[in-house]
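K.L.:
My questions are about this predicted structure, shown below with the sequence.
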Amino acid sequence: MASVLQPKDNRESLLAWLSPCGFSSPNHEWFSCMLASWYDGQGVLPDYLGLQNAEFEAMQQHFFPHCTLSHDAASAVQLDATRMLEKEDLINLLKQYRRDDNIETDWVIALLVAACLGNDHLWQDLGLWSRTQIKRFTGL
């Protein structure tokens, strides 16, 4: 039976709930940190983390099969997509230069593009916990 995550807890408790056995990959760690922040009302990622419904469900089953995740952003953020007229161009550019052609990379690209609509530092808009994490996350 999957447990249900309660929004507006602290990020450390949420992170432990999301990944009780540690992380299976670097992307698992990043998604766990971003989800913990998202459920805590931090960052600008919208409902479904900026993924399509089916992508969100696939990501949940891939990284968090033991959890029942809400689709709704605790921050109630609604991004203004008119601010990014180049959205498809950015998606195509990121896909062109990605290292791995796998579903996890597609999810990362979707989150990056959604976070680009925020007004803060990218690492904060993504819900990462430090500037160091964004460097590791992007491989810079």
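P.N.:
Perfect, I can see it now.
K.L.:
What count of nearby residues applies to Ala114?
P.N.:
For Ala114, the neighbour count with other C-beta atoms under 10 Å is 24. Quick note: C-beta positions are derived from backbone N, CA and C, even for glycine.
K.L.:
Span of stretch 18-27 from start to end?
P.N.:
13 Å (C-alpha to C-alpha, to the nearest Å).
K.L.:
Could you list the buried residues of it?
P.N.:
18-19, 23, 27 (16 or more other C-beta atoms under 10 Å).
K.L.:
For this protein, which segments count as helices?
P.N.:
In the chain, the segments counted as helices under DSSP state H are 11-18, 26-39, 53-63, 87-96, 103-115, 122-126, 131-138.
K.L.:
Check Leu117 and give its pLDDT.
P.N.:
For Leu117, the model assigns a pLDDT of 86.
K.L.:
For it, give me its contacts.
P.N.:
Contacts of Leu117 were listed using C-beta atoms under 8 Å, 6 or more residues apart in numbering, and they are 44, 79-81, 83-84, 125.
K.L.:
now, which of those residues sits nearest Ala115?
P.N.:
Set against Ala115, the nearest of these by C-beta to C-beta is Asp125 (4.2 Å).
K.L.:
mind checking pLDDT for the closest one?
P.N.:
Predicted confidence (pLDDT) for Asp125: 93.
K.L.:
And for Gln6?
P.N.:
50.
K.L.:
now Asp9
P.N.:
Taking Asp9 on its own, its pLDDT is 55.
K.L.:
Mind putting the buried residues of stretch 18-27 into JSON lines with distance to Cys116 and pLDDT?
P.N.:
Below are the buried residues of stretch 18-27 laid out as JSON lines (distance: C-beta to C-beta, whole Å; pLDDT from 0 to 100):
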{"residue": "Leu18", "distance to Cys116": "24", "pLDDT": "88"}
{"residue": "Ser19", "distance to Cys116": "26", "pLDDT": "86"}
{"residue": "Phe23", "distance to Cys116": "25", "pLDDT": "90"}
{"residue": "Asn27", "distance to Cys116": "19", "pLDDT": "88"}
